[in-house]
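*Asks:* Sharing a model that was predicted from the sequence below.
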Amino acid sequence: MLYQKLSDDFKDNLSKLKVQQNAPLYLRRRVIQLSQKCLSNMRKQVVSKGFKTVGNEINFFKNLKQLPLAELVYQTKRIQLQLQLPKGAVNQELSYYATQLDNCNAFFLKHIDLGHYLEMNDSYLDEYYFTRKENSKGFLHQEHNYLFDIEFNTPADMLLAEFKASTRMVAFIENKIKSLQGNSIDSKFDIQCLASKTDIVELIYSLVASGAIKCEIKELAKAFEHILQIELGDVYRTFVEIRARNKDNAKFLDSLKVALVTRMKETDN
């Protein structure tokens, strides 16, 4: 009953945080702290009181412990995914997410036997996978054996949490890929940017400086990268280079004005 209460309390506290898919990093860190606290309390009870039956031990490591542990793994993965996301064009983000998806699938393939066991909802190996009696034999299924706690881990409890977290990651990444692909340029548009990256940066700064578009420079730069399917790189450094010109600081804008006036004259004629 005590282990069940710890698990239920964690579930209640987690629901109060109302963590959505687009939750900010600080909220995900709070979930991690909540998970760690719950796991710490669980470990104290496991070490001091243990379990009355093998069935109780299996239920704890296969079900009750999984709630905070899988949440801890998932939120850690989500933070890493967000922090490592490249700040660039849509194709860069798509490539990044595709690589992460491949990593998840590689994990599933590496542990295909356990995955099949879990998918089939089998239980005949539960005593081996989810009790601690096999720990003394030194045959471990963990990814990082040096972090293995013989009093609070079983041969597969951490891997089960990884399965649960990776399954959620796959769903999230697939949705992100669909969203990015849905926002990509439709193939019916034939857009080819012949201006240099410096020219585009000059245009971006002029639009923001004039108040014609109200946003941050980096946000408008991302929009241009998305629309034109180009990579602008460090726009701030490019702007410094533009400012350092000896003359014609706004030569691209000047050329645009000349081109527009010329086009209007040709139309009039």
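*Replies:* Thanks, I have the structure now. Numbers count the residues shown, from 1 in each chain.

*Asks:* which SSE is Leu220 in?
*Replies:* helix 217-228 (DSSP states H and E).

*Asks:* Taking helix 217-228 as reference, get the angle to the helix or strand just after that helix.
*Replies:* Toward the C-terminus, helix 217-228 is succeeded by helix 235-243 as the next helix or strand (DSSP H and E). Angle, helix 235-243 to helix 217-228, by axes from the mean of the first three to the mean of the last three C-alpha atoms, to 10 degrees: 100 degrees.

*Asks:* Can you list the low-confidence ranges for the stretch 151-269 of the chain?
*Replies:* Applying pLDDT under 70 to the stretch 151-269 of the chain flags residues 183-190.

*Asks:* Where do the helices of it begin and end?
*Replies:* Applying DSSP state H, counting those that start in this stretch to the stretch 151-269 of the chain gives helices spanning 157-183, 197-209, 217-228, 235-243, 251-268.

*Asks:* What is the longest one packed up against?
*Replies:* Contact partners of helix 157-183 among helices and strands, from 3 or more C-beta pairs under 8 Å, 6 or more residues apart in numbering; DSSP states H and E: helix 66-84, helix 90-110, helix 112-119. Using the backbone N, CA and C atoms, a C-beta is placed for each residue, glycine as well.

*Asks:* how about stretch 219-237: buried residues?
*Replies:* 220-222, 224-226, 228, 230, 232, 235 (16 or more other C-beta atoms under 10 Å).

*Asks:* from the residues you listed, which single one is nearest Lys247?
*Replies:* Using C-beta to C-beta, Val235 is the member of the buried residues of stretch 219-237 that lies nearest Lys247, at 22.0 Å.
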